[in-house]
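Peer 1: Sharing a model prediction with you, sequence too.
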Amino acid sequence: MQVTAMDIYRLLPKTNCAECGEASCMAFATKLSQKEIDLELCTPLAADELEKLENLLAPAVREITIGTGDKTVTFGGDEVLYRYELTYYNPTPLVIDVSDNMDDKTFRKRVKLIEKTEFERTGEKLKLNAIALRNASGNNDNFAEAALKLKKSKFPLILCSLDPVAMKAALEKVGDERPLIYAATENNVEDMAALAIEYDCPIALFVQNDLEKMKELSRILRSKGIKDIVLDPGTFVGDGIGDTLDNFVMIRRLGITEGDDDFRFPLLGIPAVTWLSEKDEVEGGIKEATIAATLIDKYADILIIHGTNIWELIPILTLRQSVYTDPRKPQAVDPGIYEFGEVNEDSPVLMTTNFALTYYTVEGDLKSGKANCYLLVLDTDGRAVDVSIAGGQFNGKSVADLIKESGVEDKVKTRILMIPGLAAPVSGEIEDETGWEVKVGPRDSSAVAGVLLKLKENA
């Protein structure tokens, strides 16, 4: 059940002291319920009151951090089943695997590729998050040496071996960096649990398609005082991922809806198993990306994948970004005036809306086209051009107000404004309200730079 601001308020001092920076305890409670402020800012709280509030605010699914210092990634912390109820926090980390049987040159090249993979979308840099080291060689020394090499990486680690002896050897090298131990099973749970306790590391519990057995082993780990547990019920890809989805959904419902303490832990999916049967790079990459995207949609808190082709990673990273934005708050940039290239008093003036995806698409097209212009960004409450036209946010008066407030009239001597092609229905209204000549630009911003060039040639 989602905790409300009133639930939190009942446990606060109700002094309205404002030491937290908020005007009242209710305002503080509201921000706490939205994860917009830290509980520790409420300094008048007594120790027992603080503990009660911490327990109340603890998410249904435990939040887990792997790594230390600057090399950390946090996942889990889920509170609801459906995104419309409350935004999802802690985007699913994407972990790329490396093997300890690679030659040194190949190993280092792959690690470097993982670290450098990133691209920008709507102003946010999308990147990978961790490295999973597989004990593919079956050799304890190889596993430990490879783990030591990764100590220089900028990413936190997952150590993958079902052999407690190999795991011990690797932990002796990197245990102080708090890697995720993968994995405890029915056959090694006692030994792996002992390592998790000794090195104070989170541990993954791997039980294939048997939730009763998973519950039993989860209880064993919890009885030993282990709190940071990750659940892997198996990723099945042979005949589709129906069984995988069933298990993921059931575990998440047991954890959130039923409050079953044995299942209140993050879920791990391994789309990388695709490559056990798929050898074709293109087919395998498409299949792995599809599985990864499906699992992100259905409660996967962390994923291990193998493919590193950018065409495979872009759709996964883009989907993750979309799923983990707040559905109640449109993505928007600051309205105002922006300059591109070298501008002067004769530079053309363009307009778009402050919907982030629209703005960054236009920005990219203007930069790639080496356009020299001013861009007015209209506040449409984060709506795209066609939606804001239909909703009435993109209108003559709002454009006139923006022109005055931006000071663009002091920057250019021309009074010509190019609006997006989709805004053509309000061109006359804008001319009436602003006194500017309005030119209707192309519907696709990729053509804007070319249009501006032609206008310059014809001037």
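Peer 2: Ah, there it is.
Peer 1: Could you double-check that residue 33 sits in contact with residue 4?
Peer 2: Yes - Residue 33 is in contact with residue 4 according to Cβ atoms under 8 Å; the separation is 6.2 Å. Where C-beta positions appear, they are placed from N, C-alpha and C, glycine not excepted.
Peer 1: Have a look at the two and say which one is more surrounded.
Peer 2: Between residue 33 and residue 4, counting by other Cβ atoms under 10 Å, residue 33 is the more crowded of the two (19 against 12).
Peer 1: what's the nearest residue to the more buried one if we skip its chain neighbours?
Peer 2: Of all residues not flanking residue 33 in the chain, residue 5 sits nearest, at 4.5 Å (Cβ to Cβ, 6 or more residues apart in numbering).
Peer 1: And that neighbour, what's its pLDDT?
Peer 2: Residue 5 is assigned a predicted lDDT (pLDDT) of 87.
Peer 1: Let me see the contact set for it.
Peer 2: Going by Cβ atoms under 8 Å, 6 or more residues apart in numbering, residue 5 touches 26, 29, 30, 32, 33.
Peer 1: Repeat that for residue 281.
Peer 2: Contacts for residue 281 (Cβ under 8 Å, 6+ apart) come out as 307, 309.
Peer 1: Check what pLDDT it gets.
Peer 2: 90.
Peer 1: Listing request: residues of the stretch 151-300 of the chain with sub-threshold pLDDT.
Peer 2: Within the stretch 151-300 of the chain, no stretch has pLDDT under 70.
Peer 1: Run through the helices of the stretch 201-350 of the chain in chain order.
Peer 2: Applying DSSP state H, counting those that start in this stretch to the stretch 201-350 of the chain gives helices spanning 211-223, 242-256, 281-297, 310-323.
Peer 1: nearest to residue 19, of those?
Peer 2: Across the helices of the stretch 201-350 of the chain, the minimum distance to residue 19, taken as Cβ to Cβ, is reached by helix 242-256, at 33.6 Å.
Peer 1: before we move on, the earlier item: what would the helices of the stretch 201-350 of the chain look like in JSON lines with distance to residue 140?
Peer 2: Listed next are the helices of the stretch 201-350 of the chain as JSON lines, based on distance: least, Cβ to Cβ, whole Å:
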{"stretch": "helix 211-223", "distance to residue 140": "24"}
{"stretch": "helix 242-256", "distance to residue 140": "31"}
{"stretch": "helix 281-297", "distance to residue 140": "29"}
{"stretch": "helix 310-323", "distance to residue 140": "32"}
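Peer 1: Excluding covalently adjacent residues, which one is nearest to the most centrally placed residue in the chain?
Peer 2: Central residue of the chain (Cα atoms, centre = their mean): residue 91, 3.4 Å from the mean position. Leaving aside its chain neighbours, residue 91 sits nearest to residue 324 (4.2 Å; criterion: Cβ to Cβ, 6+ apart).
Peer 1: burial of the one you found, as a residue count?
Peer 2: If we define neighbours as other Cβ under 10 Å, then residue 324 has 15 of them.
Peer 1: what is the mean pLDDT for stretch 112-121?
Peer 2: On average, stretch 112-121 scores 93.
Peer 1: Go through that stretch and flag the buried ones.
Peer 2: 114, 117, 121 (16 or more other Cβ atoms under 10 Å).
Peer 1: Pull the distance from that stretch to the chain's centre.
Peer 2: How far stretch 112-121 lies from its chain's middle: 14 Å, per Cα atoms, centre = their mean, to the nearest Å.
Peer 1: hmm, who's touching that stretch?
Peer 2: Contacts of stretch 112-121 (Cβ under 8 Å, 6+ apart): 96, 98, 125-128, 131, 153-155, 308, 310, 313-314, 317-318, 321, 360.
Peer 1: of the residues you listed, buried ones?
Peer 2: 96, 98, 126, 127, 128, 131, 153, 155, 313, 317, 360.
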